[in-house]
Structures are given as C-alpha cells and as structure tokens.
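Trainee: pasting the sequence and the predicted model now:
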Amino acid sequence: MPTKGANPEPSPRTLVCVPLTVLEDDRTIEEMRRALDAGADIIELRLDTIFEGEGGSDTHDTHDTHDAAIVRRIRTLIKSSPLPVILTCRVASEGGDYDGDEADRISLFERLTAASASSPAYLDVEWSSFSRSAIIAQKVRLCVRHPGQQRDVTSGLILSTHDFSGRPTDLMRRVLAMSEQAAASVVKVAFRARSLRDALEALDLPGQSSRPTIALAMGEFGLASRVLAGKFGAFLTFAALRSERTTALGQPTIAELLGLYRFRSITPATSVYGVVGWPIGHSLSPLVHNAGFEAINHDGVYLPLPIGVDESDAEASYLSFKATMLELIEHPRLTLCGVSVTMPHKEHLLRLARERGWSIDAVTESVGSANTLTLAATGSVARASVKNTDAPAVAVWLTQAIGGGLAGKRIGILGAGGVARAAAHAAASAGATVIIYARDVSKAQRLCDDIAVSLSRSASFIKLVAAAWDLIPKNCCDAIINCTPLGMSGTPGAAQSPMDLAAINGCGRDTIYFDTVYSPVQTPLLALARSASRRTVDGVGVFVEQAALQFETWTGTAAPRALFERIVRVRLAEREAARHEKS
C-alpha cells in the first residue's frame, strides 16, 4: 500500500481510489481520514468545484490573490492527507465543473507541482486538452516526472478521456495515442456503457495498453468493470466514501466494493457469478451469494449483470440476451461459472439452452423456464447446463409451512404467470389438488393443461383446476399462494392486495396465506390475512431456498441457509425503515 508522501509506482495490486470533492478544509481532511479507515489506497481531490480561473475574479490582482489562496489550501490538504493524492480539475466538456480558461488551469497545476514536499502523487489531465495544444502539452510535461527518467519532480501524469454519451467510436485510437506519450505514467478511459458488452471491453483495455491503465464503464451496465478491475490488472478503481458522494454513474461505495464484493480477494483466477435480469438494481442475490462464498471460503464473486429489454420487440430482446450471454460465457478471462436468471429472461435462458444443446433438467422442461445457468470448463470447451430452482424451492417452502407432505392438500394459486407456473408444478407434482385463479380463466386453463402434459409421465393422478377470480372464497383451500406482483415494492401495485378482507373472511379459518413477494416482507395480502387472524407465511423462505439450491449447484457445498435468511431479513428491514423515513 502506498505510504504518505510516497509516489506510488504502478503496482501489480489494483489500487482503490476514493474521489473527494474539495469542501471546507476541515471537512475534507476528515473525509480523507475516513477514506484511509475505510480501506482506500489513494485519494482523488476534485478541484473543479472551487477553482474558477480568471473568470471567477473581477480584476487581475484579485485573480492572483484568489489563485494563491487556492494553491495554499490545496497544498495544506495534500500535506494533511494520510494517503497519496491525485489532483483533478475536470473540465465541463468531460463531466466536470471547470469551464474557465485552460491557461489558468494549467498554471494552477504548475504552482501545485512546484514544491515537491506538497506535490500530488498524480495530476489528471484530459487527453482532449493535452493533445489540442502543443503549449499546454509542454507545460504539463514539465509539471510531471516521466516514467523511467530521474527528475526532481514527484507528480506522475494520468492522461484521461471521458465520454458520458457512450463508447467513443475512436476508443482504441485514444488509448494508443495516450499510451505513446512518454510523460504519461497512467492512462485512463471512462465511458458510459450501453450494455454489459461495453463493460467487458473496458475490462480488456488494461491488457491491451502499454501503460498502466484505468478503464471504467460508467452507468448501471458498468459495475463489473469496477469490481473486476483487479482481476483484469487495472491500475486502480474508484469507490465513493458514501452513496451520496459518488462522482460518476454506477460508482459503488468503498464499503460495497471491499465488503460486499470482497475486492481484495479477487484475483485473475476468481470465478465470476451473477444475476441477469432487468431491472436488477435492488436484487438481494449479490448480498446472499457473496456472503455464502466468504462463509465457505469459495474463490468467487457475484455481480449484478443487467441485460435490458425492448418492450416493443420481444425478438430483439431475446437476441440481445443471447448475444450478451454468449459473450460473457465465451470471454477467455472472465471465468464465468454460474448465473442466476430472473425476470424477464427466464424463458430466454431455456430457449438459448435448447438452441445451443445445453443440458436441461426435467423441472425446467416442465415449467417452461430456467433460472440457473451452470458452466463447467473442460479444457477450452465450456459445458453448460440449466435448471429451475424456483419450483423445488416452492415445494420445500410449502411442505415446511403446512407440515407433512402436500398429497391430498388443496392449494390455491393466484395468477397464471411464470411464478404461478413454478408454484403449480411444485404443488401438483407433490400430489396436491391445485386451483389456479386468474382474471382471464382461459390463461389459467392453458397453464393447467401445460402442467398436466408435462407431468403425465411422472404423476399417475394430477388434479389441476382453472377458476375465475371471484370463486376464491367458494373453494376451501388449505393454502393460498399469491403469485402475482401485487404488493411488491417499487411497482405500480405496491399498495394493492390480490384479495380483499371480505374474500379472506369468506375462506376457511384454517387457510394459510403465502406470498411469493418478499419485498416488503409484510405485503398487503399478509397484512390483511393477519388482521383476520389467519396464519401467514412470507416470501423470504422461498427466495432463500431457491438461492441456496443455486449455491449448492455451483459450489457442491451445503448452503448456509440460516446466514442467507438473516442477511435478507436484515436488508429488507433496513429498506422498510428507509421507506418509512422518507414518507
């Protein structure tokens, strides 16, 4: 780890940098210390919010006084920093706040690097500025040390380029041009990712550059480029001290990077896993699986892997899913070993498996969707298999709550979508009588027919019934399962229950109410059922069980289910408390 006052040369270990916007001096110094305590290796000080150049002053004398005061402030901050410092005064054209004269900005850099005792470890200068003016380039060269040369200058140069609109069309030309500059100690590329494929390209850049390289894909598709920076040999990655202090889209906090994703333990050999879906920003799967990997000392990291959809073109959505998944699977250095697949891509995974001839388990064929992909390497050929852990998880969940087997029980299922299909399969294959309620009875009937056909070879007697929604109170069910999204946080139906109190009161007093929605834990349906003194079972159990089955498939080790459940319930309680605080 670099020490205070040191000039860290490119190291095999990827550094963690916390970017800090300069605020009041005391507050900035305190945040520097917090960055050290949080585990940072280096700090970036952003000057563009306090430095305006000559345009910020009315007269030349005032301008000089203003600049001198800023120089003294920054020198004091550098001397006070417990970690090496990168100085950045980001121009507005590349996402910063500085829109003053370039000569003023370079003059500031010259002053700040003049005294070696208070010089930063690195200056970050945009390639667009450096390459546009020979005079500016020469002045910058004189401010910094040159790699491999002995000079009485302590600051290294980071040449950087940023594009917030997307991947630059001339990306590799920029990287090569920056790498050819003798003064450059490090090159940096940051651009907004349009897909996971852009993140993969960013990850590959350090291996394609002749200089130590920082390569980051920004936005929700770019998290992998930040978390896996060490796996691919990047010079450093950025992490915010707190979520409200991020300086780029998709930037994790240092607590998330070092804690949740265990960044320090990631090596080129680390296996990669993830959750594919859209959207997946609030998925609890990374929390669960990363904690599980740590508990059993498994060399793996689990990431959100968002793959978007085109709501107006289902085929285009599938082709995007297919292309992205194949690139992830076939990437020679990613080492993808397993993927959880959630909505809306579960049916896409099964379709892709059929096209590629992958192994498909019987439950997946019966349910018509898969939620788990497993990859095993044999030489250079990846063997892939898919399975569905939703249905067996529901079976375990129901059996534990009801007590004993499901044979002879009457199970009512609300909804006729993918979740309902998994629940109906689980209950019917265990010998229960299944009643599927849907607003569109024909859809419920098609689901009954599909499951009956799929189970015909393994079940000698199957009872599946389609029923209209208003018949729910008229059937005496041992259990009713909500398989609709009604009640789910963050959706238009978050405040709605699929059954009202009158319908609940019309059912038997011994009916147990289950909800596959687990966020919030206490859904509107469960709240109503409890108000009527009915027994309820929340959806945390089924989420934990399906994740545990995936974990065991990938690792061959028993999943720490109690740990999983504790993590999920704590995080959901935190989210609920935050929602109440906002309201």
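Mentor: It's in. Residues are numbered from 1 along each chain as shown.
Trainee: low-confidence bits of the stretch 1-150 of the chain, can you list those?
Mentor: Flagging of the stretch 1-150 of the chain using pLDDT under 70 yields the residue ranges 1-12, 54-66, 149-150.
Trainee: quick one, strands of it?
Mentor: Here the stretch 1-150 of the chain has its strands, by DSSP state E, counting those that start in this stretch, at 15-21, 42-46, 85-88, 122-126.
Trainee: also the stretch 301-450 of the chain?
Mentor: So, for the stretch 301-450 of the chain - with DSSP E, counting those that start in this stretch - the strands run 336-341, 359-360, 372-378, 381-387, 410-414, 433-438.
Trainee: show me what the third one is packed up against.
Mentor: Okay, so that is strand 372-378. With contacts defined as 3 or more Cβ pairs under 8 Å, 6 or more residues apart in numbering; DSSP states H and E, the packing partners of strand 372-378 are strand 336-341, strand 381-387, helix 540-555. C-betas here are computed from N, CA, C, even on glycine.
Trainee: if we can go back for a sec, need the strands of the stretch 301-450 of the chain in JSON lines (columns: mean pLDDT).
Mentor: Converted to JSON lines, the strands of the stretch 301-450 of the chain look like this (pLDDT from 0 to 100):
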{"stretch": "strand 336-341", "mean pLDDT": "97"}
{"stretch": "strand 359-360", "mean pLDDT": "96"}
{"stretch": "strand 372-378", "mean pLDDT": "85"}
{"stretch": "strand 381-387", "mean pLDDT": "84"}
{"stretch": "strand 410-414", "mean pLDDT": "96"}
{"stretch": "strand 433-438", "mean pLDDT": "95"}
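Trainee: may I see those strands organised as CSV, with distance to Pro212 added?
Mentor: Below are the strands of the stretch 301-450 of the chain laid out as CSV (distance: least, Cβ to Cβ, whole Å):
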stretch, distance to Pro212
strand 336-341, 26
strand 359-360, 42
strand 372-378, 30
strand 381-387, 31
strand 410-414, 57
strand 433-438, 59
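Trainee: can you put the ones you listed in a markdown table and add distance to Ile472 and mean neighbour count?
Mentor: Putting the strands of the stretch 301-450 of the chain into a markdown table (distance: least, Cβ to Cβ, whole Å; neighbours: other Cβ atoms under 10 Å) gives the following:
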| stretch | distance to Ile472 | mean neighbour count |
| --- | --- | --- |
| strand 336-341 | 31 | 24 |
| strand 359-360 | 34 | 15 |
| strand 372-378 | 32 | 17 |
| strand 381-387 | 32 | 16 |
| strand 410-414 | 7 | 26 |
| strand 433-438 | 6 | 26 |
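Trainee: how does the chain divide into domains?
Mentor: Under the assignment automatic domain parsing, the domains of the chain span 15-268, 273-388+544-582, 403-538.
Trainee: tell me how far the longest one lies from the chain's centre.
Mentor: Spelled out, it's domain 15-268. How far domain 15-268 lies from its chain's middle: 23 Å, per Cα atoms, centre = their mean, to the nearest Å.
Trainee: with the last one instead?
Mentor: Chain-centre distance of domain 403-538: 32 Å, with Cα atoms, centre = their mean.
Trainee: spit out the contact partners of the closest residue to Arg141 other than its chain neighbours.
Mentor: Spatially, and ignoring its direct neighbours in sequence, Arg141 is nearest to Ala183 (4.5 Å; Cβ to Cβ, 6 or more residues apart in numbering). For Ala183, the contact set (Cβ atoms under 8 Å, 6 or more residues apart in numbering) comprises Val140, Arg141, Val144, His146, Leu157.
Trainee: also Leu196?
Mentor: Residues in contact with Leu196 (Cβ under 8 Å, 6+ apart) are Phe221, Ala224, Leu305, Pro306, Ile307, Thr324, Glu327, Leu328.
Trainee: could you say which helix or strand contains the second one?
Mentor: Assigning secondary structure by DSSP states H and E places Ala224 in helix 223-227.
Trainee: the next helix or strand after that helix packs against which elements?
Mentor: Remark: after helix 223-227, the chain's next helix or strand is strand 236-238, criterion DSSP H and E. Judged by 3+ Cβ pairs under 8 Å, 6+ apart, strand 236-238 is in contact with strand 15-21, strand 213-218, helix 223-227.
Trainee: export those to JSON lines and tack on mean neighbour count and distance to Phe164?
Mentor: Shown next, in JSON lines, are these (neighbours: other Cβ atoms under 10 Å; distance: least, Cβ to Cβ, whole Å):
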{"stretch": "strand 15-21", "mean neighbour count": "23", "distance to Phe164": "16"}
{"stretch": "strand 213-218", "mean neighbour count": "26", "distance to Phe164": "7"}
{"stretch": "helix 223-227", "mean neighbour count": "27", "distance to Phe164": "15"}
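Trainee: same list (the ones you listed) but as CSV, adding distance to Ala452.
Mentor: Formatted as CSV, the helices and strands packed on strand 236-238 follow (distance: least, Cβ to Cβ, whole Å):
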stretch, distance to Ala452
strand 15-21, 55
strand 213-218, 47
helix 223-227, 42
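Trainee: quick one: closest of these to Leu203.
Mentor: With Cβ to Cβ, the closest approach to Leu203 among these belongs to helix 223-227: 5.4 Å.
Trainee: could I get the average pLDDT for that closest one?
Mentor: Averaging pLDDT along helix 223-227 yields 97.
Trainee: so what pLDDT did Asn505 get?
Mentor: Looking at Asn505, its pLDDT reads 94.
Trainee: host element of it?
Mentor: Assigned by DSSP H and E, Asn505 falls in helix 501-506.
Trainee: counting contacts, what elements does that helix pack onto?
Mentor: Helix 501-506 packs on helix 524-531, going by 3+ Cβ pairs under 8 Å, 6+ apart.
Trainee: what comes up buried for the helix or strand following the helix it packs on?
Mentor: Next helix or strand after helix 524-531 toward the C-terminus (DSSP H and E): strand 535-537. Within strand 535-537, the residues scored as buried using 16 or more other Cβ atoms under 10 Å are Thr536, Val537.
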